[in-house]
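*Asks:* Here you go, sequence then predicted model.
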Amino acid sequence: MAKSPKSMQLDLDKPAFDAQSIKRSLANRLMYSIGKDPITATDRDWFYSAAAVVRERLIERWMETMRSYYREDTKRVYYFSMEFLMGRTLMNSMLNIDCEEGFRRALTDMGLALENIREMENDAALGNGGLGRLAACFLDSMATLSIPGYGYGIRYEYGMFNQRIEHGVQVEHPDNWLRYGNPWEFPRAEVLYPVKFHGRVLNYADEHGAMRYHWVDSDDVMAMAYDYPIPGYRTDTVNNMRLWAAKATRDFDLGYFNEGNYIRAVEDKNESENLSKVLYPDDTTEMGRELRLKQQYFFVCASLQDIFYRYRKFHDTFDELPNKVAIQLNDTHPSIAIPELMRMLVDLHGMAWEQAWDITTRTFAYTNHTLMPEALETWPVALFERVLPRHLQIVYEINHRFMREVMHRYPGDTELLRRLSIIDESQNKRIRMAHLAIVGSHKVNGVAEIHTQLMKETIFADFHRLWPDKIINMTNGITPRRWLNQANPGLSKLITARIGKAWLKELSELRRLDGLAEDAAFRDEFAQVKRANKVRLAQVIEQRLALRVDPDSLFDVQIKRMHEYKRQLLNVLHIVTLYNRIRAGGESVPRTVIFGGKAAPGYQMAKRVIKLINDVADVVNNDPLVGGRLKVVFIPNYDVSTAEDIIPAADLSQQISTAGTEASGTGNMKLALNGALTIGTLDGANIEIHNEVGAENIFIFGMTTEEVAQLRAGGYNPWQYYDSNPELKQALDMINNGYFSPDDHARFKPVFDALTRDGDHYLLLADYAAYIACQQQVEHLYRDKEAWMRKAILNVARMGKFSSDRTIREYAQRIWDVHAVTRKRHKDRV
C-alpha cells in the first residue's frame, strides 16, 4: 500500500556551514537557479545566488519551528502592523545563523567581495518610520527569544516613495523595490482569502427569533499570502512574517476583451490590486482616504481568517481562542480587527454577543504611539458606512453598550459620555479608532514611561479613571543584532574582544564596559573605530552628493521623519546662528550637520523645511569666510541601509522634540548604542536614557512637559523671544528676508510666520536660548577628545535597558501570557 504524502519522510541534503560547502552551494544556485555561469554573472546574480544559499540554511529550521508550534498547540502572538521596515535581509540572516565568516571565505576564494554583493539588495519598502522599524525589531526579538510570534501586514508593491532632492526640493518617485524580485519571500498561491467591501446588510430573525445579519452585494478581493522567514540570533527558531497581496477575483472580462475594449477588460483587476500597490496612499483626497481604509481592513480580515484556519485545526469551539491567540495592534491602523473579529464570531459562527465580546477583548491588546490628539486616527462615519456597512453597525453596538456601562458608573455625567464615546459627534460624525482600540482590548500600552504617564493624565485620562489597570508601560527597544552587530562591525568586534559575545542576547552585559572608559588603550581603540566609521560615511556623502566633509569634524546628526514637532527647524536656527558667529570671527569646533528624513507628500511645511535646509547648506558650504568649519548635509532617501551608514559615524544625536510630543523614539537608542552623545529635551525615551547613562553623560536642555503646559496656559507670545534675543532675531530675519533664497526672497516667509505670527505651536523660540547654550557645552566637551570618548563609551555601556529583547519579555509576561518554545540547536556548524 502506497504511503500518504503527508507521512512521507523526505531524504534531504543537509546544507553545511563550512566555506567549501558554501562555495559548492553558490555554484549550484548560480547555475541551476539563476541560469548563469561565472563568465556572464553580475554582482546582482551572485547576490541572488547567495540569498538562495542562505535561504536553504533557514528553511528546514523554519519548518521545524512551525511544526513545533502545532505539536505543542502553544499560544501564539500575532503582531498586526501596517508597516514592517525590515531593511536588507542578507547580512542580518548570515549573522543570525552564524555563517557570515563561511560566506566571506567562500566568496573571497571565488574572487568575489561580500561587500559588493550585499549592496545589490534593495531595502524592503514595507514601512516608513519608527513604527515599522519597531515592528521589525520586535520580530527579531521574538525569534531570538523563541517566542511563537508571527507578523501580519501588507506586501506593498511600491514603498512610500523614493525621495530625491532636486534643486533643494523633495521630489517623490515610485519606490519600485520589487523591480528585481524578492529572493526572501515564498508566494503561497494556495493561501487565498476573500475580503469584502461595500454592499449592504440584510437583517433577519433566525429560527430562535435572534437577529442575524448577512452582508451581501459586496465587491470582493482576494488576499494572497507571501511568507518571509525571520531567523533568531543563534537559535533554531525561525518565525514567520506573512504579508498579503491583493488579487482580483478574476483577471479580466473576456467579453470586453473580445469587443476590443482592452482597458475596460482589465479595469476591475487593476482596481482590486491597487489595494496592496502603495504604502500610505495620499489621504488628502477622498479616493486616497478610502484606499487607506480599505488597506487596513484588507490585511486584518485576511489575517483573522488565517488565524481562525490555524486555530480550528485543533479546536472545535472558540472558547479557548484567548488562551491560544494574542493579537497586538501596532497603533490604531489595525484596530478595525476588533469589529471584524466580532463579525466573524457573531455573524459567521452564530455566537452570542456577550460571549463574542468577552473573547474579543481578551484576545486584543493595543499599543499607542502618539500623544497628539490631531494624530489620533478617525474615520468619517459616511465613508465607513459606504465601505464597511456591517462594521459600522457593530461599532455602533459596541459604543452603545460601552456608553451604557459608563452611564451606570457615572450617572448624569453627559460630558464624560461625550468625551469617551467611540463616535465623535462634534462635527461630521467620525469614528475614533483609538477609543475603539482601548474599549476592545484587555491591555493598552504606552512606549516610554513619560508617554504612558501622559496617556493616563491627558488624552486618555477618562479611560484611566474608568479602568485604572488597563494602561501600562512598555518602553520601546531596538535589536542589538542589527543596530550594533550588523551596522557597526568594528565596534561589535572591539566589544566582543573585551567582554565576549553574551551581550548580543543579553544587552545588559554591556555594563561590563563601564570600567573600560578609564582604560586609555580601550579609549584609543574606540576612537579609531569611530573615526573609521566617519571616514566611511564621508566617502558615502562624497559619492552620493559630491560634497567633501571632514571626518575629524563633529558629526552632528538629526535623522528622522520630517515633522514640525521633531523640530528640525530648531536645528536650522542653530546652524544659522553658528554661521553668523563664524562669519563674525568667533571660534567654533569644525562641525558637519547631517540631516535625513522624508516628508509626507502632502505635508507642505515639512517639505518647505527640507528646502530651507538645502538652501542654507548651499550658502554655508560655499562661503569662503566659513572655510569648511561648518558643513550642512541633507542625505536623501533615508532608509534602514542609510541609517546603518550614518548611525555608527555619529558623534552627536539630536533628539530635540518639544517636551510632551514624542511618544518614545528609537533613533535615540540606536545612536547612543553606537557611541553618540545625545542632545535632547526631556521627552519620550530621552528621559529614560538620561536616567540610565547619567546626567553628566547627556546634554539636556529646554522646557519640561509641565513647563510647556504652564507656558501655553499663561499665553505664549513668540514675539517676546524674537524681540529680546538679538541672535535669534538675526537668524529669523535672514530666513524671512531671503538671505538663503536670493532667487525668491519670500520663499521662507511661511516659515517665519509659523514661528511668529502663527504662534510657534511647538515652542522653538521659547527653547532656542537653552538649545544654543547647550550646543556650546557640546563644543566645549568635544575639544577634550579623551573626555568625549569616556562619555561615549559610558553611553554604549549603559544602554542595556533599551534592547527589544527586554521589551518583548515584558510583553510576553504582562500582556500576551506566552512562553518560549525551545528546541535543540543544530550541530551542523563548524
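*Replies:* Cool, got the structure.

*Asks:* What residues sit buried inside stretch 17-36?
*Replies:* 17, 19, 21, 22, 23, 25, 26, 27, 29, 30, 34, 36 (16 or more other Cβ atoms under 10 Å). In short, each C-beta sits where N, CA and C put it, glycine included.

*Asks:* What distance do you get for the spatially most central residue of the chain to residue 585?
*Replies:* For the chain, residue 132 is the residue whose C-alpha lies nearest the centre (Cα atoms, centre = their mean; 2.2 Å). Separation of residue 132 from residue 585 (Cβ to Cβ, to the nearest Å) stands at 47 Å.

*Asks:* Export the buried residues of stretch 17-36 to JSON lines and append columns for secondary structure.
*Replies:* Converted to JSON lines, the buried residues of stretch 17-36 look like this (DSSP: H, G, I helix; E, B strand; the rest coil):
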{"residue": "17", "secondary structure": "coil"}
{"residue": "19", "secondary structure": "helix"}
{"residue": "21", "secondary structure": "helix"}
{"residue": "22", "secondary structure": "helix"}
{"residue": "23", "secondary structure": "helix"}
{"residue": "25", "secondary structure": "helix"}
{"residue": "26", "secondary structure": "helix"}
{"residue": "27", "secondary structure": "helix"}
{"residue": "29", "secondary structure": "helix"}
{"residue": "30", "secondary structure": "helix"}
{"residue": "34", "secondary structure": "helix"}
{"residue": "36", "secondary structure": "coil"}
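
*Asks:* Tell me the one of the residues you listed nearest residue 807?
*Replies:* Nearest to residue 807 out of those is residue 17 (Cβ to Cβ; 30.7 Å).

*Asks:* For residue 711, pull up the helix or strand it's in.
*Replies:* According to DSSP states H and E, residue 711 maps onto helix 705-713.

*Asks:* And the helices in the stretch 651-800 of the chain, which stretches?
*Replies:* Listed in chain order, the helices of the stretch 651-800 of the chain (DSSP state H, counting those that start in this stretch) span 667-673, 686-693, 705-713, 718-724, 726-736, 749-755, 764-782, 785-797.

*Asks:* tilt between the last one and helix 686-693?
*Replies:* It stands for helix 785-797. 110 degrees (axes from the mean of the first three to the mean of the last three Cα atoms, to 10 degrees).

*Asks:* all strands of the stretch 1-150 of the chain, in order?
*Replies:* Ranges of strands in the stretch 1-150 of the chain, per DSSP state E, counting those that start in this stretch, are 76-80, 149-154.

*Asks:* so of those, which one's packed in deepest?
*Replies:* Across the strands of the stretch 1-150 of the chain, averaging neighbours per residue (mean count of other Cβ atoms under 10 Å) puts strand 149-154 on top, at a mean of 26.

*Asks:* What strands line up against the following helix or strand past it, and which way round?
*Replies:* Following strand 149-154 in sequence order, the next helix or strand is strand 162-166 (DSSP H and E). In the sheet, strand 162-166 lines up against strand 169-173 (antiparallel) (DSSP bridges).

*Asks:* going on from the strand it pairs with, what's the next piece of helix or strand?
*Replies:* Later in the chain than strand 169-173, the nearest helix or strand by DSSP H and E is strand 186-197.

*Asks:* could I get that following strand in PDB with only the CA atoms?
*Replies:* Output of strand 186-197 as PDB, limited to C-alpha atoms (Å, rounded to 0.1, in the frame of the first residue of the first chain):
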ATOM      1  CA  PHE A 186       7.700  32.500  -0.500                       C
ATOM      2  CA  PRO A 187       4.500  33.100  -2.500                       C
ATOM      3  CA  ARG A 188       1.600  30.900  -1.200                       C
ATOM      4  CA  ALA A 189      -0.800  30.900  -4.100                       C
ATOM      5  CA  GLU A 190      -3.000  28.300  -2.300                       C
ATOM      6  CA  VAL A 191      -3.400  30.600   0.700                       C
ATOM      7  CA  LEU A 192      -6.200  32.800  -0.500                       C
ATOM      8  CA  TYR A 193      -9.000  34.500   1.500                       C
ATOM      9  CA  PRO A 194     -11.900  36.700   0.200                       C
ATOM     10  CA  VAL A 195     -12.200  40.200   1.500                       C
ATOM     11  CA  LYS A 196     -15.500  42.200   1.100                       C
ATOM     12  CA  PHE A 197     -16.200  45.900   0.600                       C
END
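
*Asks:* circling back to that earlier point, of the helices of the stretch 651-800 of the chain, give the one that comes closest to residue 624.
*Replies:* Of all the helices of the stretch 651-800 of the chain, helix 726-736 sits nearest to residue 624, with 18.2 Å by Cβ to Cβ.

*Asks:* Return the list of helices and strands in contact with the host helix or strand of residue 240.
*Replies:* Under the criterion of DSSP H and E, residue 240 resides in strand 238-247. In terms of contacts (3 or more Cβ pairs under 8 Å, 6 or more residues apart in numbering; DSSP states H and E), strand 238-247 is packed against helix 43-72, helix 130-144, strand 149-154, strand 219-231, helix 267-273, helix 286-312.

*Asks:* Out of the strands of the stretch 1-150 of the chain, which gets nearest to residue 595?
*Replies:* Taking Cβ to Cβ, strand 149-154 is the member of the strands of the stretch 1-150 of the chain nearest to residue 595, at 28.6 Å.

*Asks:* Other residues contacting the closest one?
*Replies:* 76-84, 126, 135, 138-139, 142-143, 230, 239-245, 276, 279, 295, 298-300, 303, 306 (Cβ atoms under 8 Å, 6 or more residues apart in numbering).

*Asks:* filter the residues you listed to the buried ones?
*Replies:* Here, 16+ other Cβ under 10 Å leaves 76-84, 126, 135, 138-139, 142-143, 230, 239-245, 276, 279, 295, 298-300, 303, 306 buried among these.
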